[in-house]
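Participant: A structural model of the following input is requested.
(6 chains)
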Number of protein chains: 4
Amino acid sequence: MTRLKDLREEEPKKPAARWRRRKEARPSEILEAAMDVFAEKGLTGARMEDIAARAGVTKGTIYLYFANKAAVFQALVTEAIGERVKQAGAMVDAYEGPTPELMANVLRFIGAVLVTTNRAALPKLVIGEIAQFPELQEFYRRAVIDRGLAVWEKILKRGIARGEFRPVPTGHVARICIAPLLVAALWRTLFAQFDTEPYDIDGLIETHVDVLLRGLAADGASA
Amino acid sequence: MTRLKDLREEEPKKPAARWRRRKEARPSEILEAAMDVFAEKGLTGARMEDIAARAGVTKGTIYLYFANKAAVFQALVTEAIGERVKQAGAMVDAYEGPTPELMANVLRFIGAVLVTTNRAALPKLVIGEIAQFPELQEFYRRAVIDRGLAVWEKILKRGIARGEFRPVPTGHVARICIAPLLVAALWRTLFAQFDTEPYDIDGLIETHVDVLLRGLAADGASA
Amino acid sequence: MTRLKDLREEEPKKPAARWRRRKEARPSEILEAAMDVFAEKGLTGARMEDIAARAGVTKGTIYLYFANKAAVFQALVTEAIGERVKQAGAMVDAYEGPTPELMANVLRFIGAVLVTTNRAALPKLVIGEIAQFPELQEFYRRAVIDRGLAVWEKILKRGIARGEFRPVPTGHVARICIAPLLVAALWRTLFAQFDTEPYDIDGLIETHVDVLLRGLAADGASA
Amino acid sequence: MTRLKDLREEEPKKPAARWRRRKEARPSEILEAAMDVFAEKGLTGARMEDIAARAGVTKGTIYLYFANKAAVFQALVTEAIGERVKQAGAMVDAYEGPTPELMANVLRFIGAVLVTTNRAALPKLVIGEIAQFPELQEFYRRAVIDRGLAVWEKILKRGIARGEFRPVPTGHVARICIAPLLVAALWRTLFAQFDTEPYDIDGLIETHVDVLLRGLAADGASA
DNA sequence: TATGAATGAGTCTTCATTCAT
DNA sequence: TATGAATGAAGACTCATTCAT
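Facilitator: Purely as a prediction, here's the structure:
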C-alpha cells in the first residue's frame, strides 16, 4: 500500500498518454512478442519486461492475461503448433495423388515454414527448457509429438498399402522423416550466424526427399 | 569480455607433487558431477552448489579449477565430444572394408553411446542453452559440428569414390545421417518418461541404416 | 504529506439530484464491504479489488468516494466507533439509577456488540496496522481512546461521589474496565476458530462485572 | 547465471572487507534486529533489507539461516515467549507463600518486562498479523495462549483451594487477570508517543492488583 | 458516475561469485 | 587446497493508483 507520506509526491511525469484499450488484441500481441524474445534469449533468459517492452506494454499488463511466464510459453506453443498439426492431419486425409508426391509436398511445406517464419525457433525452446515445466512437457508430448508422428505414420501406411513403399516399421520411419527438418530448424536457430553464406535448407529438404523416397521405394516402384 | 582462453586459466598448474591423488582427479570428478546435474536441470537450472555436492566438494572448490559455470560446461563438452570426434575421424581413415558396412558400424556405435551413457543429454543441453554463451557457441560449431560433419562427408565421399554410393550432395546427406541420432538422443532425454515401454532406439538405428543405405546405393550396388 | 482533512476531499458534493438512490448509498456500501474485507485480511492484506468486488462495484469507483485505502479505513473507524462513543457519553449523563447497575449495563451492551457484529474485528485492525498511518493513529487516540476512557472515568467518579465505589485512581481503573472487552474482541477475531465450542464471551463479561464491582465496592456498599 | 559479458566488469568497489564469520551468533543477531524492525513497522511493513541492515549483514545472509520472513517471525515468537511461559509454570509450582502474594508478584514481574523490554511490541505484532500465517496462529494459540492461561488457572485454583479466593470460574478470571497487562503493552506500543508524560504502567498494575485481589477475596479473607 | 485496462514502483527470493580463514 | 559465510545483482510477481472511455 502506498504510504501516506507519498501521496503528495505527484511527480511531474505524465510524458504522453499513450494509453489504449486493447483487451481483444493484447494476448496475441503479447504472444507475438514473446515468440521473438524467447527465440532470442530462451525461456529462462527472457525477462517479462523484455516481452512487455517488445509488445509495447508494461510488465503488469502481461499478468492481466497470463498467470506467469510458463503460461505465456504454453499458450505460445499451443497456438503455434498444436493447431497446425491438427490441420496437417486433415490435409493428408484429403489428398488423392501418389504417396511419394504427398510426402514430398509435406516435407517441402514444413521446410518453407522453417525457412520463412520465426517458428523455427520453437524446437530449440521446447528442447531446451521444457524439462522445467512438467505439465507442459506432457502436453507437448501428447498434443504435438504424438499427433505429429501419427500423421507421418498415416502417410507411410498409405504408401505401403498402395504398393508405393516397401513394408517398413512406420514408427521408426516417421521419426526418420522428421529428423532432418529438426536439424534444419536447429541449424537456423543456433549456428546459421557463423555461415558466410546461409545454409541451403531447401537443398537439404530436396536431398532428404530424394534419399528417403528411394530408400522407401517398393522394388517395382519408380522413385 | 572474457575470452575463451581465459575460461580455464585457474586450471591447476600441476605442481610436481603427486602424492595426493585427489588433486589430480578433482577436475574430472567435477565434470562427471556436472554432467549429471546439467542433464537433470539444464545449464541455468543447475546450481553450482548442486554440482559441488554431487562431486563431494564445496562450491568454492569448483572455482579453483574452473573460472565459472560456463567454463565448466565448456570443459565438459570439450572432453565429452570434441575428443571423440577426433578419434572417429582417425578410425574412418583406418577402415578398409566396404563403406556401407563402415557407415552402419559408426551409426550403431553412436547409437550404443546414446542408449547407455548420460552423454545422451548433451544435445539437449547444447541446443537449449548454448545461445547464451556466444563464445561457446562458436567453439561448439567449429570443434564439434563442423568436425563431425566432416567425418561423415569423408565417409560419404569414400563410398561415392568406390562406386558404392550414387553421387549425392555430401554436405546435406551428412546431416541426414546424423539427424535420427539426434532425434533418438532428444527422445531419451525429454520424452522417454512418458512411454510405458522404452522406445526402441536400436530399432530406429537399424531402420535408419536400412533406409539410408538403400537410398544412397549406387544403381548396380547391393544395399 | 496528505493531511487528514484531505483524505475524503473527493467525497460526493451531494449534487441536488436525488433521483438515483445508489449515489447516496455508495459510500456506506463501500465501508460495509471494507469492514468485512479488512476483518478477514487486515489493512495491508486487503486489496482494493476485493473491497470493490464485495461492494459490487469496480476498483475505480472507490476512488470516487475515498482518496485512498487509508481514507477508507479512517472513514470506517470514524463511523463505526467515534459516533458510538459520543452517544455513550450522553447515555451516561442521562442515567439515574445506581452506578454499579449502570456499569454492568454498559459492559453488557458492549459485550453484546462484540458477540453479534463484525465490529469485533476493529481492535485487531487498529492494533495491527494503525502504526503505519501516523495521522490516523493520533486521530484514533483522540477520538476513540481518550473519549472512551473519559466516559468510563465519568462513570467511576459518579460511583465514588455517590459513595458506591471506594476511592480509586479512575484513569487506571477505566482501562481495567475495558481490558477484558478487548480480550474478548481479540479472542473472537484471532483464536475462536481453534475452539471446539465457542468461547463464552457472555460468561466472561458476567465474571468481569462480578469481580470488578466487588473489587470497587465501598466498604459499606453491597456489590 | 552471470552472463559472460559481465565477467570482466569488475567494478572498482570493494570499499572495506568487513567480513566476519559468525555462524554461531548470526541467528540471534538477526532475531534481535527483526524484533526491533517488526516492532516499528509490523510484519508486512518490515523489509528483509531493513532487518539485514539493522543486523549488520545483507539480505542474502538472512536466507542462510531462515527460510523466509515468516520463519524469522516464528523463531522470534518461539524464542521470546514460548520459553518464558514454560518457566513461569515451573515458578508457580515451586511457590510456597500465600496466593494473593504470588499473584501480585507475577503481575508485577510481567509488568516490569512490559515496561523495560522491547518484547512489549509482540502483542501488537501477533494481534495484527498472525492471521496471515495460519500455522503460526495455531502454534501461538497452543504454545503461548493456552499454556499461559493454564498457568493463571493454576494460580487461581490454588487460591480457591486454600480458601484465599472465593470460588470463581477460573477460565474467565484468568483472562481478566491478563487483560490489563495486554492493555499496558498495547498502550506502550501504540499510543504512548502522544502522552506528554509517560503513562504510569506500574500504577496500572498496582491498581489492577488491588481491585482484582479485593474482587476475588474469600469473604473471611483479608485482601 | 462508473468502468477496468494499464501502469510501475516495490519487495521477496535466488544463486553465481568472492574471499577470509 | 579447501571451505562456506557473505555478498548483491537480478528478476518474477503484486497491487495501489490513474485515467481514457
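
Participant: Leaving out sequence neighbours, find the closest residue to residue A:78.
Facilitator: residue A:143 (7.4 Å; Cβ to Cβ, 6 or more residues apart in numbering or on different chains). From N, CA and C alone the C-beta is placed, and that goes for glycine too.

Participant: And the pLDDT for the one you found?
Facilitator: Looking at residue A:143, its pLDDT reads 82.

Participant: can you check residue A:195 too?
Facilitator: 86.

Participant: Next: residue A:51.
Facilitator: For residue A:51, the predicted pLDDT is 94.

Participant: Can you give me the buried ones in the helix or strand harbouring residue A:49?
Facilitator: Assigned by DSSP states H and E, residue A:49 belongs to helix A:48-55. Burial within helix A:48-55, assessed by neighbour count using 16 or more other Cβ atoms under 10 Å in any protein chain shown, is assigned to A:48, A:50-52, A:54-55.

Participant: ok, then the element right after that helix?
Facilitator: Next along from helix A:48-55, by DSSP H and E: helix A:59-65.

Participant: Check which helices and strands that following helix sits against.
Facilitator: With contacts defined as 3 or more Cβ pairs under 8 Å, 6 or more residues apart in numbering or on different chains; DSSP states H and E, helix A:59-65 has these neighbours: helix A:26-45, helix A:48-55.

Participant: circling back to that earlier point, in CSV: the buried residues of helix A:48-55, plus distance to residue A:157.
Facilitator: Formatted as CSV, the buried residues of helix A:48-55 follow (distance: Cβ to Cβ, whole Å):
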residue, distance to residue A:157
A:48, 45
A:50, 45
A:51, 42
A:52, 47
A:54, 44
A:55, 44
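
Participant: I'd like to know which of these is nearest to DNA strand F.
Facilitator: residue A:48 (4.0 Å; Cβ to the nearest atom of the strand).

Participant: close to chain B, is the one helix or strand residue A:107 maps to?
Facilitator: Assigned by DSSP H and E, residue A:107 belongs to helix A:99-116. No. Using Cβ under 8 Å from any Cβ of the partner chain, helix A:99-116 never reaches chain B; the gap is at least 11.8 Å.

Participant: what residues does the very next helix or strand once past that helix touch?
Facilitator: With elements assigned by DSSP H and E, the helix or strand that comes after helix A:99-116 is helix A:122-129. Contacts to helix A:122-129, defined as Cβ atoms under 8 Å, 6 or more residues apart in numbering or on different chains, come from residues A:38-39, A:42-44, A:73, A:77, A:80-81, A:140, A:182, A:185-186, A:189-190, B:42, B:123-124, B:127-129, B:131, B:186, B:190.

Participant: For residue A:144, which residues are in contact?
Facilitator: A:77, A:81-82, A:85.

Participant: just the buried residues of helix A:48-55 now: which is nearest DNA strand E?
Facilitator: Using Cβ to the nearest atom of the strand, the buried residues of helix A:48-55 come closest to DNA strand E at residue A:52, 6.9 Å.

Participant: so who does the closest residue in space to that closest one that isn't next to it in sequence touch?
Facilitator: Nearest residue to residue A:52, sequence neighbours excluded (Cβ to Cβ, 6+ apart): residue A:59, at 4.9 Å. Contact partners of residue A:59, counting by Cβ under 8 Å, 6+ apart, are A:48-49, A:52.

Participant: swap the cut-off to 10 Å and go again
Facilitator: A:47-53 (Cβ atoms under 10 Å, 6 or more residues apart in numbering or on different chains).

Participant: Residue A:82 too?
Facilitator: Here residue A:82 is in contact with A:139-140, A:142-144, A:147-148 (Cβ under 10 Å, 6+ apart).

Participant: Tell me the most packed of those, by neighbour count.
Facilitator: Neighbour counts for these (other Cβ atoms under 10 Å in any protein chain shown) peak at residue A:140, which has 21 neighbours.

Participant: what helix or strand is it on?
Facilitator: Residue A:140 belongs to helix A:134-140, assigned by DSSP H and E.

Participant: domain parsing for chain A?
Facilitator: A:4-63, A:71-216 (automatic domain parsing).

Participant: how far out from the middle of the chain is the longest one?
Facilitator: Read that as domain A:71-216. Here domain A:71-216 is found 10 Å from its chain centre; the criterion is Cα atoms, centre = their mean, to the nearest Å.

Participant: helices or strands up against the lowest-mean-pLDDT helix or strand in chain A?
Facilitator: For chain A, counting by mean pLDDT, DSSP states H and E, helix A:134-140 ranks last in confidence among helices and strands (a mean of 77). If contacts are counted by 3 or more Cβ pairs under 10 Å, 6 or more residues apart in numbering or on different chains; DSSP states H and E, helix A:134-140 sits against helix A:69-77, helix A:122-129.

Participant: In CSV: the ones you listed, plus mean pLDDT, distance to residue D:99 and mean neighbour count.
Facilitator: Shown next, in CSV, are the helices and strands packed on helix A:134-140 (pLDDT from 0 to 100; distance: least, Cβ to Cβ, whole Å; neighbours: other Cβ atoms under 10 Å in any protein chain shown):
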stretch, mean pLDDT, distance to residue D:99, mean neighbour count
helix A:69-77, 89, 64, 19
helix A:122-129, 86, 70, 23
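
Participant: Compare these and report which one is nearest to residue B:154.
Facilitator: helix A:122-129 (28.0 Å; Cβ to Cβ).

Participant: Taking chain A, what residue is nearest to DNA strand E?
Facilitator: Here chain A gets closest to DNA strand E at one residue, residue A:60, 2.0 Å apart by Cβ to the nearest atom of the strand.

Participant: Now do the contacts for that residue.
Facilitator: A:48, A:52.

Participant: Tell me the spacing between it and residue B:198.
Facilitator: Residue A:60 is 46 Å from residue B:198, where distance means Cβ to Cβ, to the nearest Å.

Participant: For chain B, what's the nearest residue on chain A?
Facilitator: When scored by Cβ to the nearest Cβ, chain A has residue A:128 as its residue closest to chain B, at 2.0 Å.

Participant: rewinding a little: tell me which of the helices and strands packed on helix A:134-140 lies nearest to residue C:118.
Facilitator: helix A:69-77 (36.8 Å).

Participant: Between the two ends of stretch A:190-197, what distance do you get?
Facilitator: Between the opening and closing residues of stretch A:190-197 lies a distance of 15 Å (Cα to Cα, to the nearest Å).

Participant: now what about that stretch, what contacts it?
Facilitator: A:120-121, A:123-124, A:186-188, A:198-199, A:201, B:126-128, B:130-131, B:134, B:137-138, B:140-142, B:145-146.

Participant: Now do the contacts for residue A:182.
Facilitator: Here residue A:182 is in contact with A:114, A:123, A:127, A:175, B:127, B:179-180, B:182-183, B:186 (criterion: Cβ under 10 Å, 6+ apart).

Participant: Closest one of those residues to DNA strand F?
Facilitator: Set against DNA strand F, the nearest of these by Cβ to the nearest atom of the strand is residue A:127 (19.6 Å).

Participant: Which residue, neighbours along the chain excluded, lies closest to the closest one?
Facilitator: Residue A:127 sits nearest to residue B:127 (Cβ to Cβ, 6+ apart), 4.8 Å away.

Participant: what's the spacing between the one you found and residue A:197?
Facilitator: Residue B:127 is 23 Å from residue A:197, by Cβ to Cβ.

Participant: Thanks a lot, catch you later.
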